Each structure stands twice: as C-alpha cells, then as structure tokens.
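Engineer: need a 3D model of the sequence below.
(one chain, ligands or ions: 1)
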Amino acid sequence: MKQILAAVSLIVIIISLLVVAFTVRQVDNEDQNLKIDLQHRTTLLAESLKETVEPNFINKSDKYLQQVVERFANKERFAGLAIYDNQDNLVAVTSTLPKEISQSQLVAAHAMDEDKASGDFVKFMDQKMYVFAIPLHDKDSVVGALMVVQNASYIDSRLTEIWRNNLIRLFIQASLLSVATLLILRWIIYVPIISLVETLKAARSGNLSTSAKSYNVPNFLFFSPLVREVTNIRRSLIEARVSASEEARMRLEKLDSPWTAERLKEFVKDTLKGRTIFVVSNREPYIHTKHGGRISYYFPASGMATAIEPIMEACGGMWIAHGSGDADRLVVDLKNKIMVPPDEPKYTLRRVWLTPKEEEGYYYGFANEGIWPLCHIAYTRPIFRKEDWEQYQKVNGKFAKTVLEEIKDFHRPIILVQDYHFALLPRMIKSSRPDATIGFFWHIPWPNAESFSICPWRKELADGVLGSDIIGFHTQLHCNNFIETVGRELESLIDWEQFAITRDRHVTYVKPFPISIAFSNGGEFQNNQGKFDSRQMMRDLDIQVKYVGLGVDRLDYTKGILERLKAIEIFLERYTPYRGQFIFIQLAAPSRSRIKRYQEFAEEVQQEVDRINNKFKTNRWKPILYIPKHHSHEEINKYYKLADLCLVTSLHDGMNLVAKEYIAARDDEKGVLILSQFAGASRELKEALIVNPYDAEQVANSMHVGLQMMKVEQTRRMRKMRESIKSHNIYRWSAELLKTIVNLG
Ligand code: F6P
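Structural biologist: Numbering: from 1, shown residues only. Next up, the predicted model:
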C-alpha cells in the first residue's frame with residue numbers, strides 16, 4: 001500500500017510541476033499581450049489628443065485646455081490626462097487623476113527632454129498605472145507635454161485569475177487522477193500480484209486448504225500469461241509436494257501406496273538405468289492447427305493418447321507419431337521435433353509426415369476399414385483392398401526407418417509400439433536392431449482365430465507383431481485369441497503356461513495389461529475451473545431437468561450409440577414420470593469422417609436423435625441433447641460431474657477409458673455407471689450396472705435402477721470403483737509393462 005501511495009504522490013508532484021511551469025509561461029505571455037495592447041491603445045489616444053491640443057498651444061487659454069482634458073474624464077480604464085508646459089508646470093489636468101500622479105511629472109519631463117514619446121508602468125497607491133507622455137511642439141521647439149494615464153490594474157487581476165483557474169483545475173485533475181491511479185494500481189496490479197504471490201507462497205509452504213488444492217489460480221485481466229505460468233509452477237509444486245510426502249509415507253509405513261507420476265519416475269530411474277523410452281503411435285498427443293492466422297493445439301479424442309501421455313510426462317523420452325495437424329509443420333524444428341506439452345515441455349514429439357495417398361491407404365483404408373471392423377466384430381464388414389495393404393506396408397516401413405534413425409545412438413533402447421496401425425513395425429525394427437527391446441500394446445480387441453482368418457494378410461500381421469518381445473492386450477481373453485491365431489496361422493512353438501510364443505528362436509510373451517488413466521491422489525481430476533456449479537452449467541446448457549444421463553464417445557459405430565438411443569426411447573416409454581424430468585446428453589467427437597461408414601453412421605445417429613426428440617418433446621423439454629463436436633478433457637470433466645448416469649454401451653471395446661474417467665471425476669462419490677459387458681473395463685469395474693448393449697430393454701431398466709438408486713448405494717459403489725482405478729492407474733500399468741520388459745533381459 002505504501003508503494004501505491006508513493007507512486008500516486010510522485011504522479012501528483014510531476015503533474016503539479018508541469019502545471020506550474022505551464023502557468024508561468026501562460027501568465028508571462030498574457031502579461032506581455034495585455035501590456036502591448038494597453039500601450040498601443042494609449043499611444044493612439046495620446047496622438048489623437050495631441051492633434052487637438054498642439055496647434056497654437058502657447059496661445060491657448062488654460063480654460064480651453066482644461067475643457068479638452070475634462071472631455072476624457074469618464075473613459076473606461078482611463079485614469080486621467082495632464083498637460084504640462086516646458087517648465088514642468090501643470091497647465092491642465094482631469095479632475096479624476098490622483099494628485100500624486102499629476103504632480104509627479106517625471107515621465108512628461110523625460111518626454112520633453114528627449115523630445116520623444118515615453119511611457120512607463122508605475123504603481124500608485126497599490127494600483128498599477130500606465131503613464132504615457134508625448135511632447136507638444138510649437139514649430140520645432142518643445143513647448144510642453146501631454147500625459148495620458150491608464151489604469152493597468154486589470155492586467156494583474158487577469159494574471160491572478162489565470163493562476164487561480166489553473167490551480168483549481170490542477171487540484172481537480174490531481175484528485176481525480178490520484179483516485180483513478182489508486183484504483184487502477186490496487187485492483188488491476190496490486191491485488192492480482194498479491195494474490196499470485198500468496199498462491200505461490202501457499203504452494204511453496206504446503207499450506208493448502210482443501211478447497212485451495214485446485215491447481216488453478218484465479219484469472220486476472222492483463223495477467224493471463226503470468227497466471228498461466230504461476231498455475232503451472234503451482235501445479236508442479238503441489239504435485240512434487242504430494243508425491244514427495246507419499247514417497248516418504250511409503251518408506252516409513254512400507255505400504256503399497258498408489259502409483260503416482262513421481263513414483264513412476266523414480267521407478268523408471270531405478271529400473272531402466274538410463275535406457276531411453278521411444279513410443280510409436282499413429283495418433284500424436286498434441287495437434288497444432290491454424291485458425292485465421294493463429295496457431296493453437298488440442299489434445300485428440302483418443303484413449304491411447306490419454307493413457308500414454310502421462311507416462312511420457314513422467315519419464316521423458318521421445319514419442320514418434322504422424323503429424324496430422326494443418327499447422328504441425330509450422331512449429332517443429334529442422335528435425336521435425338517439438339518439445340511437449342507445449343505449455344510445460346517434458347518430452348520430445350517427433351512428427352512423421354505422410355502423403356495424402358499414404359494416409360488414405362494406410363490409415364483410412366487398411367487400419368480403419370480393414371483391421372478396425374475385423375477386430376471389433378460390431379457387424380460392419382471389414383474391407384480389404386490390395387492398394388490399402390500396400391500403403392500400410394509402406395507407412396510401417398517409413399515409421400521403422402524413422403525409429404531406426406532416432407535410436408541409432410542408443411544402446412538397448414526400449415520401444416513401445418502402439419496399436420493396430422503398426423502391426424508390421426516390430427518385425428521391421430527387430431530385424432535391424434535385435435538389441436532393442438520392443439513392447440507392443442494392442443489397444444483394441446483381438447478377435448477369435450476364426451474371425452481373424454478372413455483377413456487376406458493375417459499371417460503377415462501376426463508375424464509382424466511377433467517381432468516384439470512382449471505383446472500386451474487389455475484382457476486375458478484377447479491374449480488367448482491372439483495366441484490361438486498364431487497357432488493356427490504360423491509355424492511356432494506355443495507355451496500356454498508361460499503365454500510365450502517362440503518363432504525362429506525369438507520368444508514373444510503375451511500378457512494382459514488392463515490400461516487405465518492418470519488417477520492417483522484425485523488432483524488430476526478435480527475441476528480445473530474452480531468449484532463446480534451444476535446449476536450454472538444447466539443454465540448455460542439451457543436445460544431444466546432433475547436427472548441427467550451422459551454419453552461421451554468418438555462418433556464410431558463400435559460405441560453402441562444407436563443401441564443406447566433405442567434404450568433411452570424404451571426408458572421414456574416405460575417410465576413415463578421421467579418425461580420432462582430427464583435429459584440425455586450425448587457428446588460425440590467426430591472421427592474418421594472421410595470413411596463412408598462413419599459418414600453414414602453420423603447421419604444415422606442424427607436421424608435417431610431427431611426421431612426420438614420429435615416423438616417425446618414438449619414446448620419446454622426434449623429428451624436428448626446431442627453435441628457432435630470435439631471437447632477438451634476439462635470440458636468433458638464438467639459433464640461427468642453433472643451426470644447422474646453415464647452410459648458406456650460399446651458393442652465391443654478394448655478397455656474404454658470414458659468409464660474410468662467418469663468415476664475418477666466423481667470426487668463427490670455420486671453417480672451411476674452403466675457399462676457394456678463387451679468393454680474391457682467391465683472386467684474391473686464390477687460395481688457398475690453391467691449391461692448387454694444389444695438388449696435395449698435391459699439397458700432401459702438399468703437406467704431406471706440407476707436413477708432410483710439410493711445415494712448411499714451410489715457412494716458405496718463409486719468408492720469401490722474409485723479405489724480400484726486409483727490402485728490400478730496408468731502409472732502402475734506402465735510400471736508393470738516396463739518391469740516385464742526389463743525382466744526379459
Ligand atoms: O485403441 C483405439 C484407438 O487408437 C484409441 O486410441 C482411440 O480410442 C481411437 O482408436 C482413436 O482413433 P483415431 O486415432 O483413429 O482417431
């Protein structure tokens with residue numbers, strides 16, 4: 001506060017000095033102008049009088065001269081007139097002229113001596129006067145002088161007035177400016193800075209009240225970049241403090257406490273002993289895009305990216321992925337690399353560029369029209385085109401080349417290949433770098449051997465994957481399916497006890513690693529926007545209902561969205577009191593929209609939403625709010641917190657992380673999860689209401705059960721599921737995967 005007052009005083013002093021300097025100058029100018037004006041007018045008057053008085057001056061009677069001078073007696077600002085002879089004797093004088101002036105003939109005498117007009121400002125009885133004298137002639141000799149006296153005190157009054165006005169103005173301006181400056185400094189600078197300092201202090205000293213534990217700092221006008229930085233620093237401090245204390249507690253109590261980013265980091269240091277991790281995936285974790293000349297980035301709607309990103313943040317290393325954003329090339333360095341996360345860099349993202357033809361054949365074609373429906377068995381026929389297969393091979397080769405380039409200086413690097421886009425990659429890398437340890441994680445289901453056998457390139461795919469040292473699936477069933485496929489398609493030795501496959505003297509282990517999310521002490525899933533206000537959110541969405549159901553999916557036919565909508569229709573038909581009281585919000589991130597089946601599916605969903613809404617809607621209510629657009633994790637988190645029910649009705653799903661995210665977001669331990677028995681998550685989340693998504697009646701009844709469920713029962717179930725995810729989070733997942741990899745040798 002002292003500093004603010006000092007700043008304000010300084011400003012006031014500077015302004016006062018400026019005003020005083022300006023006023024001095026103004027007064028000076030005005031003084032000169034007024035004087036010149038008065039002198040000019042007086043000279044004119046004296047000249048004209050002289051013409052009247054001068055002719056035959058010596059012959060003129062005193063009476064005549066007195067009459068002349070009296071004629072001017074009452075002129076404004078005119079003090080008087082006097083006529084002298086050349087002996088300095090007063091010949092005539094206006095009666096108004098004070099005696100002291102008429103008797104002091106100095107100016108007149110001077111005019112006569114010098115024989116030229118002369119004037120001066122003098123003070124008489126505290127009054128400023130201008131005295132002007134002009135010599136009178138008779139032929140060439142000076143015979144007298146005419147003296148004109150003007151009252152000049154108005155000049156001083158005017159100057160005083162200028163000073164007074166300027167000082168009053170200065171006072172008003174200085175007061176207003178002081179108040180304004182005080183307010184601006186206090187509310188725009190002082191309060192935010194103090195708040196930021198307090199925030200950091202609290203984080204540093206560990207003095208955090210529960211409510212203040214949210215990682216976000218209040219936002220202040222003009223300070224966004226600083227606030228962002230402080231938020232990051234604060235988050236790092238809090239995370240460091242929390243995990244340090246957890247580590248300490250673990251050491252002291254020797255408890256198997258939850259895995260955290262910090263613990264994973266320590267584990268990686270201890271276990272990998274300097275070996276670097278390289279992740280390879282098709283989808284990149286940060287996608288840069290251009291909007292009207294501005295570059296921004298977003299996190300994609302990808303379960304794989306959501307799961308792997310926290311590991312990379314904790315362990316560092318390099319992530320090699322397809323650069324698919326339209327501004328991706330603009331932000332990388334000459335080696336196509338960029339440090340990410342962009343706000344708080346922790347690892348390197350190495351982008352690989354694909355031509356439109358490659359992307360078409362490898363990603364849209366073979367991976368997503370071929371392998372995706374082949375593995376999901378959601379009754380969409382896989383399409384296998386030779387051209388797509390060729391591009392798939394080519395792109396796998398391109399990525400293999402990039403990986404080999406990046407690992408060339410590393411001894412025994414660890415490479416974690418992600419998903420069905422890169423089935424050929426492990427073999428390609430292994431044949432050039434047998435010392436590299438390759439872990440492969442297949443994020444989607446692996447179908448039974450019979451189903452898989454329809455793929456014309458099934459042998460090549462299975463053989464490519466077997467280049468890995470370890471292959472992970474979400475469930476044991478998918479492991480078994482894979483091993484059976486290999487047994488059926490390839491010459492190999494299968495050890496069902498060890499779940500190991502030997503082919504050409506190379507051993508590959510197959511193990512389930514149920515993937516998870518970054519949920520350890522709860523902080524990650526707290527609402528980053530401060531306290532969650534469900535009423536405000538309902539107002540923002542313009543909905544007025546008692547119950548909210550939620551679906552969060554990519555717009556994909558495997559997610560069972562149409563089946564879910566059917567169940568909602570049955571629910572509203574059967575449980576009529578919920579009409580007008582219940583809304584179902586479906587967030588749907590557009591996905592793979594260049595593929596015809598996905599376009600058709602998007603249309604089918606829209607039509608079904610419209611049909612059901614038209615069937616039940618009233619003037620004030622409609623049953624489904626469909627939002628087909630991408631949402632950030634922060635935005636989705638708010639919907640999770642709002643929803644009484646979350647419906648995950650995948651027809652087939654490797655794991656489905658939405659189910660886990662919903663539970664992690666519910667730190668209030670309320671809400672009910674309805675979960676498909678065909679999602680890998682149903683193996684772990686037993687307290688969810690498990691449903692067959694094809695059985696719309698069952699899903700509708702479960703919705704009713706969920707909405708009727710007592711709060712204590714909701715809490716009991718939520719608590720159990722939260723505990724389960726906490727102890728089986730993504731940090732534990734990666735620790736187990738890495739431990740297994742390292743133990744391989
Ligand atoms: O495992 C399937 C997966 O790769 C997940 O990461 C994610 O759910 C989805 O597919 C993402 O699809 P895409 O990368 O094609 O948008």
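Engineer: which parts of the stretch 201-350 of the chain are helices?
Structural biologist: Counting by DSSP state H, counting those that start in this stretch, the stretch 201-350 of the chain has helices at residues 224-253, 261-272, 303-315, 328-331.
Engineer: so which of those helices is the most surrounded?
Structural biologist: Sort these by mean neighbour count, taking mean count of other C-beta atoms under 10 Å, and helix 303-315 sits at the top with a mean of 23. All C-beta spots, glycine's among them, are computed from the backbone N, C-alpha and C.
Engineer: tell me the residues of the stretch 251-400 of the chain that contact the ligand?
Structural biologist: Counting by C-beta under 6 Å from any ligand atom, the residues of the stretch 251-400 of the chain close to the ligand are Arg283, Ser302, Gly303, Met304.
Engineer: which pair of these spans the longest distance?
Structural biologist: Put simply, by C-beta to C-beta the two of those set farthest apart are Arg283 and Gly303, 9.8 Å from each other.
Engineer: what's the neighbour count on the nearest residue in space to Phe513 that is not next to it in sequence?
Structural biologist: Setting aside the residues directly before and after it, Phe513 is nearest to Gly472 in space (C-beta to C-beta, 6 or more residues apart in numbering), at 4.1 Å. For Gly472, the count of nearby residues is 25 (other C-beta atoms under 10 Å).
Engineer: one more: Asp695?
Structural biologist: Using other C-beta under 10 Å, Asp695 has 14 other residues around it.
Engineer: would you enumerate the residues in contact with the residue nearest to His421 when sequence neighbours are not counted?
Structural biologist: Closest residue to His421 apart from its sequence neighbours, by C-beta to C-beta, 6+ apart: Asn282 at 3.9 Å. Residues near Asn282 by C-beta atoms under 8 Å, 6 or more residues apart in numbering: Ala321, His322, Tyr363, Ala367, Gln418, Asp419, His421, Phe422.
Engineer: I'd say the fourth one and Phe422 touch.
Structural biologist: Just to be clear, that refers to Ala367. No: between Ala367 and Phe422 there is no contact under C-beta atoms under 8 Å: 9.0 Å.
Engineer: these two: who's more crowded?
Structural biologist: Between Ala367 and Phe422, Phe422 has the larger neighbour count (other C-beta under 10 Å), namely 26 against 22.
Engineer: can you check the pLDDT for that one?
Structural biologist: pLDDT recorded at Phe422 is 98.
Engineer: gap between the two ends of stretch 184-200?
Structural biologist: One end of stretch 184-200 sits 23 Å from the other (C-alpha to C-alpha, to the nearest Å).
Engineer: and it, how far out from the chain middle?
Structural biologist: How far stretch 184-200 lies from its chain's middle: 19 Å, per C-alpha atoms, centre = their mean, to the nearest Å.
Engineer: where's Ile517 relative to Ala307, distance?
Structural biologist: 7 Å (C-beta to C-beta, to the nearest Å).
Engineer: also Lys201?
Structural biologist: Look at Lys201 and Ala307: by C-beta to C-beta, they are 35 Å apart.
Engineer: then Ser724?
Structural biologist: Look at Ser724 and Ala307: by C-beta to C-beta, they are 16 Å apart.
Engineer: before we move on, what about Gly323?
Structural biologist: As judged by C-beta to C-beta, Gly323 and Ala307 stand 21 Å apart.
Engineer: quick one: the strands in the stretch 401-550 of the chain, in order.
Structural biologist: Listed in chain order, the strands of the stretch 401-550 of the chain (DSSP state E, counting those that start in this stretch) span 414-418, 437-441, 470-473, 493-495, 500-503, 506-512, 547-554.
Engineer: can you list the strands that the fifth one pairs with?
Structural biologist: Sheet pairing here is set by DSSP bridges, and for strand 500-503 it gives strand 493-495 (antiparallel), strand 506-512 (antiparallel).
Engineer: next one: the first one
Structural biologist: If you go by DSSP bridges, strand 414-418 pairs up with strand 277-281 (parallel), strand 437-441 (parallel).
Engineer: and of the ones you listed, who's closest to Ile561?
Structural biologist: strand 277-281 (25.0 Å).
Engineer: buried sites along the closest one?
Structural biologist: Of the residues in strand 277-281, Ile277, Phe278, Val279, Val280, Ser281 count as buried by neighbour count, 16 or more other C-beta atoms under 10 Å.
Engineer: what part of the chain, helix or strand, is modelled with the least confidence?
Structural biologist: Ranking every helix and strand in the chain by mean pLDDT, DSSP states H and E puts helix 224-253 at the bottom, with a mean of 67.
Engineer: how far off centre is stretch 283-298?
Structural biologist: 14 Å.
Engineer: now the end-to-end length of that stretch.
Structural biologist: 12 Å.
Engineer: before we move on, what about stretch 315-325?
Structural biologist: 25 Å.
Engineer: what does stretch 450-462 give?
Structural biologist: 14 Å.
Engineer: got the residues of the protein near the ligand?
Structural biologist: Near the ligand, when you scan the chain using C-beta under 6 Å from any ligand atom, you find Arg283, Ser302, Gly303, Met304, Asp419, His443, Ile444, Ser591, Arg592, Gly654.
Engineer: ranking these by neighbours, who comes first?
Structural biologist: That'd be Gly654 among those, by other C-beta under 10 Å, with 28 neighbours.
Engineer: that one: what's it in contact with?
Structural biologist: Gly303, Trp442, His443, Ile444, Pro445, Phe473, His474, His478, Ile515, Gly680.
Engineer: give me the pLDDT for the fourth one.
Structural biologist: Taken from the predicted model, the pLDDT recorded for Ile444 is 98.
Engineer: flag the shaky bits of the chain, pLDDT-wise.
Structural biologist: Applying pLDDT under 70 to the chain flags residues 1, 73-74, 103-104, 203-221, 239, 241-256, 521-530, 745.
Engineer: just give me the longest helix of it.
Structural biologist: helix 2-53 (DSSP state H).
Engineer: neighbouring contacts of the helix or strand following that helix?
Structural biologist: Downstream of helix 2-53, the next assigned helix or strand under DSSP states H and E is helix 62-70. If you take C-beta under 8 Å, 6+ apart as the criterion, helix 62-70 is touched by Leu49, Thr52, Val53, Gly80, Leu81, Ala82, Ile83, Val91, Ala92, Val93, Thr94, Ser95.
Engineer: among those residues, which ones are buried?
Structural biologist: Among the contacts of helix 62-70, the ones that count as buried by 16+ other C-beta under 10 Å are Leu49, Val53, Gly80, Leu81, Ala82, Ile83, Val91, Ala92, Val93, Thr94.
Engineer: circling back: tell me the contacts of the residue nearest to Phe513?
Structural biologist: Gly439, Phe440, Phe441, Trp442, Lys511, Pro512, Phe513, Leu737.
Engineer: repeat that for Gly551.
Structural biologist: Gly551 makes contact with Ile561, Arg564, Phe584, Ile585, Gln586, Leu587, Ala588, Cys646, Leu647, Val648, Thr649, according to C-beta under 8 Å, 6+ apart.
Engineer: domains of this protein?
Structural biologist: The record's domain split for the chain, according to automatic domain parsing, is 2-158, 276-355+408-516+730-745, 532-728.
Engineer: can you list those domains in CSV and add distance to Thr260?
Structural biologist: Below are the domains of the chain laid out as CSV (distance: least, C-beta to C-beta, whole Å):
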stretch, distance to Thr260
domain 2-158, 41
domain 276-355+408-516+730-745, 6
domain 532-728, 10
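Engineer: next, Leu625: phi, psi?
Structural biologist: Backbone torsions of Leu625, given as degrees, to the nearest 10, read phi -110, psi 110.
Engineer: neighbours of it, how many?
Structural biologist: If you count neighbours by other C-beta under 10 Å, Leu625 ends up with 18.
Engineer: need the nearest residue in space to it, chain neighbours excluded.
Structural biologist: Ile585 (4.7 Å).
Engineer: now Gly119
Structural biologist: Phe132 (3.8 Å).
Engineer: please report how far that neighbour lies from the ligand.
Structural biologist: Distance check for Phe132 against the ligand: by C-beta to the nearest ligand atom, to the nearest Å, it reads 99 Å.
Engineer: and that residue, how many residues sit next to it?
Structural biologist: Neighbours of Phe132 under the rule other C-beta under 10 Å: 24.
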